[in-house]
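# Quick one, what's the 3D model for this:
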Amino acid sequence: MLPLFLLLAATGAAQTIVLNTGTLYDGKGKVLKNQQIVIEGGKIRSVGPGKLAPTYDLRGLTVLPGWIDTHVHLSWHFDANNRLETGGATSKEKPETTVLYTAGNAWSTLQGGFTTVQSLGAPVDADVRDLINRGALPGPRVLTSLGQLNERTGDAEALRKGVQGYKERGADVIKLFATKSIRDGGGQTMTDEQLAAACGEAKKLGLRTVVHAHAAGGAQAAAKAGCTAVEHGSLLDSATLDLLRERGVYFDPNFLVLHNYLDNKPNFAGIGNYNEAGFKSMQEALEPLNAVVQNARKRKVKMVFGTDAVAGAHGRNAEEFIYRVRDAKLPAMEVLTSANSVAAESLGLGDQIGTIAPGFAADLIAIEGDPLKDITAVRRVVFVMKDGKVYKNVAR
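Just a heads-up that it's a prediction; the model follows:
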C-alpha cells in the first residue's frame, strides 16, 4: 500500500475539497469568520459562506495561508557526531547522505507549517526542489540560489559570469555576501562596483538578488545596485533604512539563527569562526537587532519573514514569529502577514501564494489557538495543506 502522502499526491488534485473554518486570516491582514474554502485542482476556487459538506472541519482552529520562509539552508544539519555539516564543496560526507538530510529538513519544515521556502543555498537543493515539484518527495515549495557569490568570486566581469552560471544551472535567485559575518564584525567586503555588476546582471537575466549585509556600507551599496532584499541588517542605521524604503528593497532581519547558534553552541563550537568571540558577538547582536527592527517599522521599510534556518532550526522556523513579537515588539498580525503576502511579493509570487483568495494555490495551515492573543500558538500547527494535498492532519 502506498504511503499516505504519495496516495494523497496521486489523488488530491483531482478532488473537490471543502474546508469549514471558524477563524481565518487571509494573509493580507484581514480576519474572516465562518468561511468555507472550496479547492479544485490544487487551487482555491472560492472563499465565503457555504453549506457544502466539508471534507475537513477546521472550526475551532485558526486557519492561515501556508507560511513562507525567505531564508533557509536546507542542507545544513548535524552529522552522526552531532557536529555541523553544511553539505558544501568541502564536505567529507557522502552525497547521498547529504541528500537524505536535506530531504528530512524539507519534511520537518513542511510539518512546521511552511509551504514555501527560499534556500540560500547549496547544489543539492536543486535535486530536492525538483523531486518535490514532481511529487516524489514531500516538502515545501523550494526556491534556491544553489550557492553564493562574494568578493572572492572576482571582478565585475567574473561576477557577471558567476550570475550567468547560476542561471544556467537553474537557480531561482542569486545570493551575495556583501559583508562579513556578525561573528567577524559585519564590515563591508564586496565593493560597490562588484555589487552593481552582480545585481545588474541578475536583473538583466530576470533573477532576484538577496544580499547578506549586517552593516550600513554593504546594505547601502546593495540598495543602490538595485538588489532585491537585504538579509540580517543587525547594524543598520536610520539613513540606510530610509534608503531601503526609497529603493523598494525588502529587509529580512533574522532572529532565529542567532538564538539557534546560542542554543546549540556545543554543536558549532570550534568550527571556523564559531569561537568564544563569535558567540559573544551573536549574543550582543540580539538587542541592537530589536532596535533596528523597531526603527525599520517606524520608517515603513518592507520587512519579510526569514529565519536563516541552519542545522538545529529546521522545523522550528515558527520561533521567528515569537522573537519578533515578544522581543522586537512588532504587532502579531504584521509579523504573520510578513510570512504570507509580503514574503510572496518579495519572491515575485504575490499573485500565486501567501493569500487565501480565489485563484491562489491551496497552501493552507491550521493552528490551535489565536496567535493575535498568544503568539506561541504558532508552535501548534495541526493541519498542513500544500497545493490542495494534505500532509498533516492531527486536528482534534
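# Counting neighbours, what do you get for the residue nearest to Asp192 when sequence neighbours are not counted?
Using Cβ to Cβ, 6 or more residues apart in numbering and skipping the chain neighbours, the partner closest in space to Asp192 is Ala221 (4.4 Å). Backbone N, C-alpha and C define where each C-beta goes, glycine included. The local packing of Ala221 (other Cβ atoms under 10 Å) involves 23 other residues.
# can you pull the contacts of Ala221?
Ala178, Gln188, Met190, Thr191, Asp192, Leu195, Ala196 (Cβ atoms under 8 Å, 6 or more residues apart in numbering).
# gap between Leu244 and Leu336?
From Leu244 over to Leu336 the distance is 22 Å, taken as Cβ to Cβ, to the nearest Å.
# ok so, going back, so which strand or helix has the residue nearest to Asp192?
helix 216-224 (DSSP states H and E).
# Now the most centrally placed residue in the chain: which helix or strand?
The chain has Asp69 as the residue nearest its centroid, 1.7 Å off, counting by Cα atoms, centre = their mean. Asp69 is part of strand 67-72, with elements assigned from DSSP H and E.
# Next SSE downstream of that strand?
Towards the C-terminus, the helix or strand next in line after strand 67-72, according to DSSP H and E, is strand 77-78.
# In the sheet, which strands lie alongside the helix or strand just after that next one, parallel or antiparallel?
Beyond strand 77-78 on the C-terminal side, the first helix or strand identified by DSSP H and E is strand 84-85. Using DSSP bridges, strand 84-85 pairs in its sheet with strand 77-78 (antiparallel).
# Pull the residues that contact the strand it pairs with.
Against strand 77-78 from outside (Cβ under 8 Å, 6+ apart): Leu84, Glu85, Gly87, Tyr101, Thr102, Gly104, Asn105, Asn264, Asn267, Ala311, Gly312, His314.
# Grab the nearest non-local neighbour of the fourth one.
Once its chain neighbours are removed from consideration, Tyr101 has its nearest residue in His77; the separation is 4.1 Å (Cβ to Cβ, 6+ apart).
# Bridging across strands, which residues link to that neighbour?
Going by DSSP bridges, His77 forms beta bridges with Glu85.
# Domain map for the protein?
Domain ranges of the chain: 4-65+355-393, 67-346, per automatic domain parsing.
# Could you identify which of those is most buried?
domain 67-346 (a mean of 21; mean count of other Cβ atoms under 10 Å).
# What's the end-to-end length of it?
14 Å (Cα to Cα, to the nearest Å).
# picking that back up, off-centre distance for the helix holding Ala221?
Helix 216-224 sits 22 Å away from the centroid of its parent chain (Cα atoms, centre = their mean, to the nearest Å).
# What average pLDDT does that helix get?
For helix 216-224, the mean pLDDT works out to 97.
# still on that earlier bit, name all residues that make contact with the residue nearest to the centre of the chain.
109, 114, 116-118, 305-307, 309, 317, 320, 339, 343.
# again, only this time at 7 Å
Phe114, Val117, Phe305, Gly306, Thr307, Ala309, Asn317 (Cβ atoms under 7 Å, 6 or more residues apart in numbering).
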